[in-house]
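Colleague: Everything below, folded, please.
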Amino acid sequence: MNYLIDLDGVIYRGEQVIEGAVETLAWLRLQRAEISFLTNNSAFSRRNYLERLSLLGIKCQLEEIMSTAYATRLYLEEKGPPGARVLVIGEWGLMVELEGAQVSLVDWQNEGLIDYVVVGLDRNFHYSKLTRAHHAIIQGAKFIATNRDATFPTEKGTLPGGGAIVAAIEACTGKTPVVIGKPQDYMVKKVLETRNWKPEETVVVGDRLETDILLGNQLGMITALVLTGITNRETAEKAVHDLKPTYILDSIQNLKELSFKKDGSI
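Modeller: Presented below is the predicted three-dimensional model:
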């Protein structure tokens, strides 16, 4: 089987690793499972995530990490044009990834014309940045959101996510962004393509019904919701249709209890 595994709320909460996560990932490797980590959090670069996982004792390769920051880079490379002027409302990791896209990153204090406004988690967001994004978008800049997650889990509870900032910009511009992250399928299809995975032989492991589970169900994947992040059991058990997970697990360590047939079916 192949595993698409979320990070925040599944592997760790803030700086705290979730009990059993390291051992479970090592066990999956022993079973010759193929793994990709898939995160909507755009605050860090793939190399940041690689270093963070390594410090937790989790072995992985850079190619096994897909983030909305990196996926946005791929999107801009495809859409072009080279040298496009991009205003980033986001953090260092997003900017690092976008620097590889052959675009020109523009500081929010720069008043020149903008081709794209890219918005993600920005823990230094303020009114002047909101104003600059507002002006750029109503003047014709294309609006891209790395994700719509309104919150993200930490060891101290939830904090506002990038989606809260996206919503503020959407409200004042009246424009709907192109969304790169889950539940949109752009970055997942990139993983399936590059790793030659079949959806029906892939398990999505995440903590959000409206992103991880919705995405997996829409693509015909097996979905496993863990209760260590955003969603509680009561909400999970009431979920219906495309939000209903194949499995509800207390945590990622319960993946060991699941069994699949050779063809990937349950």
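Colleague: What residues of stretch 233-243 count as buried?
Modeller: 236, 239, 243 (16 or more other C-beta atoms under 10 Å). Where you see a C-beta, it was placed from the backbone N, CA and C, and this is true even at glycine.
Colleague: quick one, what contacts Gly220?
Modeller: 199-200 (C-beta atoms under 8 Å, 6 or more residues apart in numbering).
Colleague: Confirm that it sits in a helix.
Modeller: No: counting by DSSP: H, G, I helix; E, B strand; the rest coil, Gly220 is not part of a helix but coil.
Colleague: quick one, helices of the protein?
Modeller: Assigned by DSSP state H, the helices in the chain fall at 21-30, 46-55, 68-79, 92-98, 127-138, 162-173, 186-195, 214-218, 233-238.
Colleague: and those helices as a markdown table, adding mean pLDDT and distance to Leu4?
Modeller: Formatted as a markdown table, the helices of the chain follow (pLDDT from 0 to 100; distance: least, C-beta to C-beta, whole Å):
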| stretch | mean pLDDT | distance to Leu4 |
| --- | --- | --- |
| helix 21-30 | 96 | 12 |
| helix 46-55 | 96 | 14 |
| helix 68-79 | 96 | 13 |
| helix 92-98 | 95 | 19 |
| helix 127-138 | 97 | 31 |
| helix 162-173 | 98 | 20 |
| helix 186-195 | 96 | 7 |
| helix 214-218 | 97 | 8 |
| helix 233-238 | 97 | 18 |
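Colleague: out of those helices, nearest to Ser104?
Modeller: Shortest distance between Ser104 and the helices of the chain, using C-beta to C-beta, is found for helix 92-98: 9.9 Å.
Colleague: what's in contact with that closest one?
Modeller: Contacts with helix 92-98, where a contact means C-beta under 8 Å, 6+ apart, come from 42-48, 67, 69-70, 72-73, 76, 86, 88, 105, 118, 120, 146.
Colleague: if we can go back for a sec, do you know which of the helices of the chain lies nearest Arg13?
Modeller: Proximity to Arg13, assessed across the helices of the chain by C-beta to C-beta, is greatest for helix 21-30 (10.4 Å).
Colleague: Show me how far the closest one is from its chain's centre.
Modeller: The chain centre lies 21 Å from the centre of helix 21-30; the measure is C-alpha atoms, centre = their mean, to the nearest Å.
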